[in-house]
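# Kindly generate the corresponding structure for this input.
(2 chains)
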Amino acid sequence: MTVSLHTFGRPCWRDLLFASSLALLLAWLAPSLASAAESNVQRSPRATVSLVSDYAAVTPGQELRIGLRQRLAPHWHTYWKNPGDAGSPPSIAVTAPDGASVGEIAWPGPDRFIVGPAASYGYENEIVFPLALRVPNDAQAGSQLRLDANADWVVCEKECIPEQGKFQLTLPVEASARPASDDILVAFKTADARQPQPSSWKATASAGESTLQLVVKGAGISPRSVSAALYFPDSWGIVDHVAPQALEVEEGVLRLMTTKGQGYAPGPSAGLLAITDGGGQKRWFALDLTPAAASAAASAADAPSTLPLWQMAWFAFLGGLILNLMPCVFPVLAIKATAVAGMAGGEQRAVRLSGMFYTLGVLAAFMALALALLAVRAAGGAVGWGFQFQSPLFVTALCWLMLAIGLNLSGVFEVGSALAGAGQELAGRKGHAGSFFTGLLAVVVATPCTAPFMGAAIGSALLAPAHVSLVVFAMMGLGLALPFLLLGMFPAIARRLPRPGRWMVTLRQGMAFPMYATAAWLLWVLAQQAGEAGLRLALAGSVLVGLVGWLVGLGQHGAGKRWWPRGGALAGVAGLAGLMVTLHASAPSAAPASAQASQAEPYSAERLAALRAEGKPVFVNMTAAWCITCLVNERTTLSSAAVQQAMRERGVVYLKGDWTNRDPAITAFLQSFGRDGLPFYAFYPAGKEPAVLPPVLTQAIVTASFEQ
Amino acid sequence: MNAFSRRALLRTTISAAALLCAAVPGLAAPAIGQAAPAFTAVDSKGKQHTLADFKGKVVVLEWTNHDCPYVKKHYQANMQGLQRQAQQAGVVWLSVISSAPGEQGHVDGKKADELTASRNAAPTAVLLDPQGTIGKAYDARTTPHMYVIDAKGVLRYAGGIDSIASAKVEDLDKASPLFKTAMQAVVKGENVAQAVTRPYGCNVKYKS
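Below you'll find the predicted structure:
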C-alpha cells in the first residue's frame, strides 16, 4: 500500500524525474553511440578535427581505415605532403595496442591555392587523411580497441595557425564488424575520390634554362578527356609551384609547359597529375617523371612518334646535303672532283653511271654503319657515332689508304691498269667500282664531322625502331650524294665543266695534298690511341705503302714488264698485313690523351658525383683525338688563358673525358643527354642542373655559361 | 637544318610564351653564384642602407613576420642564437619585413625595435619593406626565408632555415641546420654544399 500510495501519492513528479533523467541520459548517450566511429572532436574557429574510423565496431584481424578528419571554415585550407610554397603537412602519431598496426597517411590528391606570389597544395572544406589499421588477431570480442593519436596541423587562410590535438578513439571488438555512420562513410568516400589512381602513362621531363616541359603519353589522353591538368610534384624544387602550367593536348599526348623549380635536378621524381575531364570531374593519377633522354633510351619506340617519318627523312636529307660542306668530307670530295674533272667532255652515260655508283657507295656505307651500330646496340654494347675511329686498326688502315690515294693522285702509280690489266672496255667498269668506293670512303671518313651538326639527330634516329633509322640514314646518304648525282643526271651541268686538258693533271696532283694531310692527322690520332709503339708500326707501314706505290708505278711505267717490281709490291703488301697483325696483337695500349696544358682532371662518373656533392661547379668536356671540332675548341677556347683563368677564379673543376678509344662510361654519359657523338660540353653550376653548351665554342660562350 | 633544330625552335617559342605568362605572378629568382640583387631600404631607426654599403662583409637576409607561427618557432631561441653567432663572426644580419600595411606582420619602426628588444634579438638592422620591393627582388616566399651573400656581393645561399618544415619547436633538434651550415661555410670562404633548399613557413604577406 505504502508503495502504491507512494506511487500514487507523488506519481507524476517521480516518474517525470526518472523519465526525464533517462531521456537526458539517452540523449547524452545517443550521439556518442551513433558516432562511436569518431573520437573526441577538437574545435577552433577555423577547423573541426577528429579521428574517425570507417567501422563503428571491428572484428579480430580486421583491416580497416582510420583517418584524421578536418572540417574547415570557408577559405581555410590544410596541406598535402608537399605543401607548396608555404605551410606544412599535418602529422599524426597513433598509439595502438600490441598486435595492432597502423600505416602511413595515404595522401589524397590536393588542389592548388594561389595567394599572392606563393602557391599552396592542399584541401579546403573537408578532408580525411586515411591510415590503414589492422585489428590484433587475438583481440577478444566484447573488448575494446583503444587508439590514442597526437596530431598537429597548420591551417591557413591568408595567415597560418598551427593547431594540435590529442584524440582518443575507442572501437568495440564484436563478432561481426559494423560500418560507421553514413556521415563518416561519406567523408571517407569524398577523400577516396581524391586518392591517386595508378596510370600506365609514360611521363618525361625536359628541362630548359628556366623551363620544364612534361610530356605524358598513353591511352585515354585526348582533347575530349582532358580539359585541365595540373602537375603536383611530391617534393619541393621540381617546378615553381606558383607558375602557370600551359596545357597542350592531342590524341594520346599531353604536354605541360611550366617554370622549373629552384631545386630541380635531372632524375626520376614522383608526383601526381590532376586531370579535369570534359564534364568537370577531377581525378588524380600517380605519375613518375623520368628525364627525357633516359626515358627515350628506355622506350625507344616512343621517340620518333613526335615527328612524322617523312619529316625526319626530309631533315636527314638536308643534313646529308650540308655534310658536303664539312671539312672531314673534303679530302674525299677532292677525289671525286678529280674523277668528275676526268669525265669532263666524256660520254654522258659514263658520267651518269659514275654519279649513280657514287650514290650507291654512300648509301651502302650509311646502311652498313647504321646496321653495325644497331647490331651492337641490340647486343647491349655501348657504341656511339664515329665509333669506327675508336679502333686503332681502322685508323691505321685509313691512314695508309689515304697515303696510297695521295701517292696515286701524285702520279706515283695508276690504279687500274696494273691490277685490271689493259683494255679500254674495262676502264668503264673499273671507273664504276672506283665511284662506288669513293662513296663508301666519303661516309666512313665523314662520320666524325657529322656529330656536331647531327649529334642529337643521329642519337635519336638510332634509338628509333630499326626501319625508321634505316630510312633516316638512307636519306642522309642521298643528301650527301646529291651534288654528284645531279651532275650525272643533268649533263648540262657537266658540259659546263672546262674541257679536259693539262689543268686536270695539275688539279689531280694538287688534290694529293689533302690526302697527305689526312694521313698525317690520322697518324696523330693513332699516337693518342696506341701510343708510341702503335705510331712506330704505323710509320713503318707508311714507308712500306710508299715503297709499294713506287714499285707498282715502276711496273707500270718501267720499260718492259719485269717480275721484280710486282713481286716487291706483293711482299710490301704482305709486310703491311704483318704490321697490322702486330698492331692488333700489341692492342691499344690506350695511352689516354693527356690533359695537356689545362689543369683538366680525367672524367669519371664517380668523380663528377663527388664534386657535385661537395657543391663545386664542374665543367665537363668530352673529346676524342679524332674529333676535329673538339680539338679546335680546345685549342682556341678551353685551353685559352681567359677560360682557364675564369675556371680558376670561380673554382670550376674541369673534367675531361677521352672517347678516343671506346669507353662505355662516356657513351652512357652522352646518352643521358640524348647525344651520340662529339663534341659535347656541359657545365654543372654548384647545386644546379647542368647546362649543355653548343658544339662550337667561343671564349665568351664558355665564360658566360659560368655566370649562371 | 634537321629535325631537332626545328623542334628546338618550336620548343623555344613555346618556352618563351610560357615564360611570358609565368612572369606575371611569378618572380625571377636570383641565381646562386651571381651578384645578389642590389637594394636600398630604410631600417627601423629611419637609417638608409644599400647592399653595396656592406661590401667586404658577409650579409644575411632573414625574411620575418613576428606573428607567423613558423617565425615564432624559431624566435623561441634559435634565431637569436644564430644572430649572435653571426655578430661574432662579423656578419651583417638584416631582418626584412615585407608585410604590407594592414597585413599580418606589418610594423612601424618603433614596433620593430620593441620586438627586437622584447625577443632579445640581435640583428644588425631591421629593414622595412612594406612595398615588397626587396622581397620580390629576392623572390622571398616564406617567413622565414634565408639568404647569405658573400663579401663580394655574390648570392651564396637561398632557402630554408633548416630541413624540417614544421611549426613545432620539438623539430628544431631533429632538423639539419641548413642555413647555419651555409652561413658558416660562406664566412670561411668555403663552397656551400646545399646552396638552394626548400624555404618553409608562412607566405610573405605582400601588398596585393
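
# The closest residue to residue A:239 other than its chain neighbours: neighbour count?
Closest residue in space to residue A:239, ignoring its immediate chain neighbours: residue A:261 at 4.8 Å, by CB to CB, 6 or more residues apart in numbering or on different chains. For glycine as for every other residue, the C-beta is placed from the backbone atoms N, C-alpha and C. Other residues within reach of residue A:261, judged by other CB atoms under 10 Å in any protein chain shown, total 21.

# Residue A:261 reaches residue A:231, doesn't it?
No: Residue A:261 lies out of contact with residue A:231 (CB atoms under 8 Å); the separation is 11.1 Å.

# can you list residues touching both of those two?
Counting by CB atoms under 8 Å, 6 or more residues apart in numbering or on different chains, the contacts common to residue A:261 and residue A:231 are residue A:239.

# so who does the residue nearest to residue A:239 touch?
A:212, A:233, A:236-241.

# all strands of the stretch 251-400 of chain A, in order?
For the stretch 251-400 of chain A, the strands defined by DSSP state E, counting those that start in this stretch occupy A:253-259, A:269-276, A:282-291.

# do the same with chain B
B:40-43, B:48-50, B:59-63, B:92-97, B:125-128, B:142-143, B:146-149, B:155-159, B:202-203 (DSSP state E).

# Send me the longest one as CSV with only the CA atoms.
Backbone C-alpha positions of strand B:92-97 (Å, rounded to 0.1, in the frame of the first residue of the first chain) are rendered in CSV as follows:
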residue,chain,number,x,y,z
VAL,B,92,75.8,41.7,-41.2
TRP,B,93,72.3,40.4,-40.3
LEU,B,94,69.4,42.2,-41.9
SER,B,95,65.9,41.1,-40.9
VAL,B,96,63.5,42.2,-43.6
ILE,B,97,59.8,42.8,-43.1
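
# by contact count, what packs against it?
The contact analysis (3 or more CB pairs under 8 Å, 6 or more residues apart in numbering or on different chains; DSSP states H and E) places strand B:92-97 against strand B:59-63, helix B:78-88, strand B:125-128.

# neighbouring contacts of that strand?
B:41, B:49, B:54, B:57-65, B:83, B:86-87, B:105-107, B:112, B:121-130, B:134-135, B:140.

# Just give me the longest helix of chain A.
The single longest helix within chain A, with elements called by DSSP state H, is helix A:502-557.

# And that helix, how far out from the chain middle?
Per CA atoms, centre = their mean, to the nearest Å, the displacement of helix A:502-557 from the mean C-alpha position of its chain is 42 Å.

# downstream neighbour of that helix in the secondary structure list?
helix A:563-586 (DSSP states H and E).

# From the contact counts, what lies against that next one?
By 3+ CB pairs under 8 Å, 6+ apart, helix A:563-586 packs against helix A:392-410, helix A:502-557.

# change it to 6 Å
Using 3 or more CB pairs under 6 Å, 6 or more residues apart in numbering or on different chains; DSSP states H and E, the elements in contact with helix A:563-586 are helix A:502-557.

# Next, the angle from the helix it packs on to helix A:563-586.
For helix A:502-557 against helix A:563-586, the angle by axes from the mean of the first three to the mean of the last three CA atoms, to 10 degrees is 100 degrees.

# Helix A:392-410 and helix A:502-557, what's the angle between them?
110 degrees.

# coming back round to it: would CSV of the strands of chain B with mean pLDDT be doable?
As requested, the strands of chain B are arranged in CSV below (pLDDT from 0 to 100):
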stretch, mean pLDDT
strand B:40-43, 92
strand B:48-50, 93
strand B:59-63, 96
strand B:92-97, 96
strand B:125-128, 95
strand B:142-143, 92
strand B:146-149, 96
strand B:155-159, 94
strand B:202-203, 90
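
# For stretch B:68-79, give me every contacting residue.
The contact list for stretch B:68-79 (CB atoms under 6 Å, 6 or more residues apart in numbering or on different chains) reads A:160, A:162, B:64-65, B:119, B:143-144, B:167, B:169, B:172, B:201-202.

# Can you tell me the closest non-neighbouring residue to residue A:221?
residue A:254 (5.0 Å).

# So residue A:222: helix, strand or coil?
Following DSSP: H, G, I helix; E, B strand; the rest coil, residue A:222 is assigned to coil.

# Give me the neighbour count for the residue lying closest to it once chain neighbours are set aside.
Leaving out its chain neighbours, the residue that sits closest to residue A:222 by CB to CB, 6+ apart is residue A:251, at 5.3 Å. Residue A:251 has 9 neighbouring residues, counting by other CB under 10 Å.

# And residue A:251, how far from residue A:696?
39 Å (CB to CB, to the nearest Å).

# Wondering if stretch A:90-105 reaches chain B at all.
No: if you take CB under 6 Å from any CB of the partner chain as the test, stretch A:90-105 misses chain B, and the best it gets is 7.4 Å.

# Buried residues of stretch A:260-275, list them for me.
By neighbour count on 16 or more other CB atoms under 10 Å in any protein chain shown, the buried set for stretch A:260-275 is A:260-264, A:266, A:269, A:271-275.

# The closest residue to chain B within the stretch 301-450 of chain A: how many residues sit nearby?
Closest residue of the stretch 301-450 of chain A to chain B, CB to the nearest CB: residue A:315 (4.1 Å). Neighbour count of residue A:315, defined by other CB under 10 Å: 24.
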